[in-house]
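Asker: make a model of this:
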Amino acid sequence: QSNIAPFLLDIPDDFSLSSGINAEYGQALREEIRQNDLDIGWYALNVAAAAACRGSTSTGGSGRHGNVVLAKENTRSCDDQCANTEYSLCDADVAIQGVLGRAKSYTQNVGQFYNYGCSTPGNTYIGYDAVKAGDDDALFKTLNLQRHSQYYRFCCCRYP
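Answerer: Presented below is the predicted three-dimensional model:
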């Protein structure tokens, strides 16, 4: 079920209008909306990861180049992952999660974070690996984000 446009996913299979919209088109429209919702969800998570990396570094990110965020592979350390790129220095291994919706009070928990450090794989639970999470397994599809969430992990890498 879409969290962004749920009313659009309620298009019945036999939906049709005089303009010629048929069941096949309705199904294609539902799938396109579902994919757009997933893309927006991943975009928001990636932007949050960049912000988490920015806040996790003692210098706030430094150097002559912009710094990068990589999806964390669950079995490797961020030291190893960063070393395989031109942004070879690891500043942090962040795990982040959030709750869907606007905060209703100033004391409401809307997300959590953790920094595992760069030198070990940390928690190797495959569910925290954004690359290995297929769309059918991803938190945007399978979890009720108002009550549950899960962490995704990222490496914060800097150019030497």
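Asker: where's Thr120 relative to Thr85, distance?
Answerer: 19 Å (Cβ to Cβ, to the nearest Å). The C-beta positions use only the backbone N, C-alpha and C, and glycine is treated the same way.
Asker: before we move on, what about Tyr128?
Answerer: Tyr128 sits 20 Å away from Thr85 when distances are taken as Cβ to Cβ.
Asker: other residues contacting stretch 59-72?
Answerer: Contacts of stretch 59-72 from elsewhere in the structure, counted by Cβ atoms under 8 Å, 6 or more residues apart in numbering, are 46, 49-50, 53-54, 57, 78, 81-82, 85, 87, 91, 93, 128-131, 152-160.
Asker: pLDDT of the top strand by length along the chain, averaged?
Answerer: As far as residue count goes, and with DSSP state E defining each element, the longest strand of the chain is strand 89-98. For strand 89-98, the mean per-residue pLDDT is 92.
Asker: about what we covered before: which of the contacts of stretch 59-72 are buried?
Answerer: Buried residues within the contacts of stretch 59-72, counting neighbours by 16 or more other Cβ atoms under 10 Å: 49-50, 53, 78, 81-82, 87, 91, 93, 128-130, 152-159.
Asker: OK, contacts around Ser56?
Answerer: Shown in contact with Ser56 (Cβ under 8 Å, 6+ apart): 91-92, 94, 115, 156.
Asker: recalculate using a threshold of 10 Å.
Answerer: Ser56 makes contact with 91-94, 113-115, 154, 156 under the criterion Cβ atoms under 10 Å, 6 or more residues apart in numbering.
Asker: try Gly111
Answerer: Gly111 is in contact with 48, 52, 96-99, 103, 149, counting by Cβ under 10 Å, 6+ apart.
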